[in-house]
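[1] no sequence on this one, just coordinates:
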């Protein structure tokens, strides 16, 4: 399994959650961003799994009080999901 395998992206997301729970906000952000990048590399920018990764990142930003970033990522995720539902 290489660095662009979907399971790697899921694991990165899980580690991000763990780091956030333990108060390691900077590390959590780095891992969420890496998970987003990995999902995009694996599935492309129009895939629902990429949209979910963006939603997870948006939830992170909301939890740390960065509402502008949260809303931005949430809007992109919603647009991807909307487009995917029309295919």
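    Yep, that arrived. Every value quoted in this text rests on a predicted model; they were computed, and no experiment measured them.
[2] in the protein, which spans are helices?
    6-21, 25-43, 48-63, 67-85 (DSSP state H).
[3] now render the ones you listed as CSV, adding mean pLDDT and mean neighbour count.
    In short, each C-beta sits where N, CA and C put it, glycine included. Formatted as CSV, the helices of the chain follow (pLDDT from 0 to 100; neighbours: other Cβ atoms under 10 Å):
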stretch, mean pLDDT, mean neighbour count
helix 6-21, 94, 17
helix 25-43, 96, 18
helix 48-63, 96, 20
helix 67-85, 92, 15
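[4] and the residue lying closest to residue 78 once chain neighbours are set aside, how far is that from residue 19?
    Once flanking residues are discounted, residue 78 sits nearest to residue 51: 7.8 Å by Cβ to Cβ, 6 or more residues apart in numbering. Distance of residue 51 to residue 19, given as Cβ to Cβ, to the nearest Å: 22 Å.
[5] just the pLDDT at residue 1, thanks.
    For residue 1, the pLDDT comes out at 67.
[6] residue 87 too?
    59.
[7] for the most centrally placed residue in the chain, what are its contacts?
    For the chain, the residue sitting closest to the mean C-alpha position, by Cα atoms, centre = their mean, is residue 53 at 2.7 Å. By Cβ atoms under 8 Å, 6 or more residues apart in numbering, the contact set of residue 53 is 9, 13, 32, 35, 36, 39, 40.
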